[in-house]
Structure formats: structure tokens, C-alpha cells
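> One predicted model, sequence on top.
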Amino acid sequence: MRSSLVLALVLCGVASGQTLEEAFKNGKASGDISAYYESRHVDSGKKSVYYNDTAWAVGSVGLNYQTDDFRNFKFGVGFRGAAPFYEKDKNYDTGHGKGDSTERFYEHNRAVVSNLYLQYNAYDTLIKVGRQNMSFDWVSKLNDGVSIINNSFANLTLDAFYTKSRGKAQVNEMIKIKKINENRGLFGAGASYKFDSGFGIRAYAMYADELFFGSGAKILYDKNLSDDLSFGGFLHYAKSSEKNADDGLAFEALSYVKFSDIKLSLGYAQSGKKNGWGSFNIAGDKIVQFEEGDVMYERDAKTYYAMVSTKIQKLDISAIYGTTSYKIKGGDNTKYTQDEVSLWLNYPILKDLSVFATFDKTFKAQPYYPSLTQLSLGLSYSF
């Protein structure tokens with residue numbers, strides 16, 4: 001795929017090499033130099049490979065380049081490299097390598113191509129082919145595939161995607177880019193329409209060969225009462241038809257009110273009684289708002305939560321507290337409950353230098369899910 005993307009761009013410029021040269025010359029480079037620290041402590045409950053007492057720090061560098069426009073085409077490439085400079089236990093085996101940091105930064109995935117794509121943007125249509133960050137209903141992070149977004153009609157957005165593999169390459173996590181559905185990939189398409197009254201609707205469908213077919217719908221509402229006051233929310237329902245397992249189900253409801261820099265949200269999320277969300281989240285999800293939120297991926301999970309975000313001078317603050325009742329997939333009908341609180345802080349020390357921190361704690365140790373305290377701190381310089 002990599003060589004074909006480069007070849008496609010070169011062929012586009014055969015007729016006018018000077019224009020292609022200028023597109024590369026006028027391209028934009030960006031990147032970051034970052035350091036990230038994370039510690040975990042199991043407060044109560046049974047430890048496991050994933051849930052354990054660990055502490056580590058990693059430094060990483062990200063570089064990105066995108067050409068200027070050339071006949072509606074752009075070419076982008078990016079890299080990220082990382083290396084640990086502190087590990088509490090350098091010999092701890094996480095299953096992804098040796099050392100505490102390998103739970104988040106896989107030992108053999110510390111230097112990756114983080115972007116490699118060819119982009120076409122014309123006639124109200126954006127097409128991107130290659131390795132890219134995708135953001136759809138159930139697709140997130142780094143994906144190898146194709147994404148299409150069209151806005152040819154007023155208030156209507158049409159989108160489609162195909163992804164065959166997914167991974168992560170970011171300041172706080174670098175995990176292996178893995179094949180989706182045994183390299184058969186995942187297809188999806190959707191349509192969103194926004195009415196002048198503030199209401200919006202969305203419908204989408206997803207398909208993975210030999211795995212599942214799923215569809216979902218959303219009703220959204222956003223209203224500005226003044227420059228400082230707004231409110232809104234959405235409802236989301238999705239159901240999957242699984243080929244080799246019980247069907248999946250997802251339901252979401254969220255309402256919010258925002259006044260000036262303060263936003264308060266109340267939410268509810270539910271998964272299917274027999275198989276949770278089914279195969280919907282094989283390429284990510286946007287339902288889990290917590291830093292961890294692991295129990296939400298179980299079956300018959302019902303989560304109630306409240307979120308608040310604000311800004312105090314330059315300091316951005318976001319926090320969430322919620323409780324989840326659930327049953328374990330493949331287990332009996334015993335119902336468990338776990339609470340979680342997450343806090344995120346971000347402060348720009350200088351124009352291009354920022355510090356950020358995260359605090360997360362789960363309460364009520366349960367089978368497979370202990371009570372856990374997690375703290376992270378990062379420093380990032382962007383250019």
C-alpha cells in the first residue's frame with residue numbers, strides 16, 4: 001500500500017513536474033516531543049497481568065508532513081518513535097514485552113509509520129486512502145483503509161469507510177496495528193442530516209464478512225439560547241446480527257447544558273443482555289467516556305454517569321463519575337457493580353508547551369476487575 005500511494009501521487013504530476021515540486025516545497029511539517037509517566041496501584045481485589053502495580057515513563061517523538069494541494073490531491077506521511085527512560089520493574093512480562101511500559105508501549109512497536117495516505121478533496125468530497133486517523137460511530141484511532149465524506153447537499157453529510165487493521169501511535173500509547181476480522185476488514189456507511197431547528201438525525205450500517213452486520217440510528221438536538229447558554233443531547237440505538245454468537249445491542253442517552261465555560265452532562269449507556277455490544281467495537285467505540293471503563297464492555301452493562309468540564313484561566317478541567325452494573329460474558333447471571341471517577345487536566349505553560357495529567361480510580365473490587373488507582377502525567381512540546 002505504501003509504494004502505491006507514492007506512485008499515485010507521482011503519476012498525477014507527470015504532466016507538470018514544477019507544480020508537483022511546489023506542492024512538496026510548500027508542504028507543512030509538524031510534530032511533537034513528549035514525555036509521559038503512568039503509575040498503577042491495585043487497591044483491593046485480585047491482581048492480573050494487566051491489573052498490577054506498575055510505574056513507568058516513556059519519551060516519544062512524532063513527525064508529520066503533508067504536501068500542499070496539487071490538482072486536489074495531498075500526500076501525508078508521519079512517524080512516531082518512543083523509548084522508556086524509567087520502569088519500576090524492567091523484567092515484568094506484560095505479554096507484549098518485558099518491562100512495565102510494554103502494557104501501553106509494545107516492545108516491538110516503538111517505531112511506527114503513524115500516517116501514510118493520499119487525500120483527494122474536490123466537489124464537496126474528501127477521500128483519504130492509506131494509514132490515517134479515523135473517527136466514525138464505532139471506529140477510532142489509527143486505521144489502514146479508506147474514508148469518504150461528502151457534503152454535496154445542504155445539511156446532509158454522507159460518509160463511508162473501510163478499515164482492515166487498527167492500532168495506536170500517540171503520546172500515551174503505542175500498540176501494534178492489528179488485522180481486523182482476520183484481514184477481511186470492516187465496512188461502514190452512514191448519513192447525517194441537520195435541520196434548521198437544531199434537531200439532527202443519523203443512520204449508519206456496518207458489515208464484517210463472516211462476522212456480523214449491524215445498524216444504528218441517532219437523534220440529536222443542540223440549541224443556543226444565547227452567546228453563553230446552550231443545551232442539547234442525543235439518543236443512540238444500535239443492534240448487531242452476529243454470525244457465530246449472540247446478537248449485540250447498544251443504547252445511549254445524553255443531555256447537556258453549557259453556560260459560558262462550564263458544561264454539565266448526564267449520560268446513560270447500556271449493552272445487550274447476552275453478548276454486550278457484539279462485534280460493533282472491533283475497531284473502537286465512542287461510548288466509553290471514562291479513562292478505563294473496562295466493565296462497560298461486559299454484557300448487560302448499565303452505566304449512569306455525570307460529566308463536568310470547565311476552564312479556569314488557561315487550565316482545562318474535565319471530570320466524570322459513574323456507576324456500572326454488569327454481568328460477565330461467558331459467566332453466570334451474577335450481577336456486579338463498579339464505580340469509577342476520572343479527572344483530566346491540561347495547562348499550556350507556553351504557546352507550544354503544555355503539561356497534562358490524568359487521575360482515575362475504580363471502586364468495589366470484583367472478579368477480574370480489582371479496585372485500581374491510576375495516575376499519569378505528561379509534558380509535550382509541539383511544533
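Received the coordinates, thanks. Numbering: from 1, shown residues only.
> Please name the residues that touch K311.
For K311, the contacting residues are 261, 317, by Cβ atoms under 8 Å, 6 or more residues apart in numbering. All C-beta atoms are positioned from the backbone trio N, CA, C, and that covers glycine.
> Over to L266?
254-256, 305-307 are the contacts of L266 under Cβ under 8 Å, 6+ apart.
> go again using 7 Å as the cut-off
By Cβ atoms under 7 Å, 6 or more residues apart in numbering, the contact list for L266 reads 255, 306.
> Likewise for A245?
275, 278.
> what secondary structure does it sit in?
Of the three states, A245 takes coil under DSSP: H, G, I helix; E, B strand; the rest coil.
> Could you identify the helix or strand that succeeds the least confident helix or strand in the chain by mean pLDDT?
Least confident element among the helices and strands of the chain, by mean pLDDT, DSSP states H and E: helix 2-12 (a mean of 51). Per DSSP states H and E, helix 2-12 leads on to helix 17-25 as the next helix or strand towards the C-terminus.
> Okay, buried residues for that following helix please.
Buried positions in helix 17-25, judged by neighbour count with 16 or more other Cβ atoms under 10 Å: 20, 23.
> With just CA atoms, put that helix into CSV.
Extracted in CSV, the C-alpha atoms of helix 17-25 (Å, rounded to 0.1, in the frame of the first residue of the first chain):
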residue,chain,number,x,y,z
GLY,A,17,6.6,18.4,-12.6
GLN,A,18,7.1,22.0,-11.5
THR,A,19,3.7,22.1,-9.9
LEU,A,20,4.3,18.9,-8.1
GLU,A,21,7.7,20.2,-6.9
GLU,A,22,6.0,23.3,-5.5
ALA,A,23,3.4,21.1,-3.8
PHE,A,24,6.2,19.3,-1.9
LYS,A,25,8.1,22.6,-1.3
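> So in that sheet, which strands flank the helix or strand that it is followed by, and in what orientation?
Next in sequence after helix 17-25, counting helices and strands by DSSP H and E, comes strand 28-44. Each strand paired with strand 28-44, and its direction, by DSSP bridges: strand 54-66 (antiparallel), strand 371-382 (antiparallel).
> what comes up buried for strand 28-44?
The neighbour-count criterion (16+ other Cβ under 10 Å) identifies 31-32, 34-40, 42 as the buried residues of strand 28-44.
> Could you check how far it is from the centre of its chain?
Here strand 28-44 is found 16 Å from its chain centre; the criterion is Cα atoms, centre = their mean, to the nearest Å.
> And for it, what's in contact with it?
51-66, 104, 171-172, 365, 370-383.
> Now a ChimeraX select for only the buried ones of those.
Of those, the buried ones go into a single ChimeraX selection, burial set by 16+ other Cβ under 10 Å:
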select :51,52,54,55,56,57,58,59,60,62,63,64,65,66,104,171,172,365,370,371,372,374,375,376,377,378,379,380
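> Now do stretch 368-380, average pLDDT.
Stretch 368-380 carries an average pLDDT of 98.
> what's the spacing between that stretch and its chain's center?
For stretch 368-380, the distance to the chain centre is 18 Å (Cα atoms, centre = their mean).
> Contacts for it, please.
Contacting residues not belonging to stretch 368-380 are listed as 32, 34-47, 51, 171-172, 291, 294-295, 328, 338, 354-365 [Cβ under 7 Å, 6+ apart].
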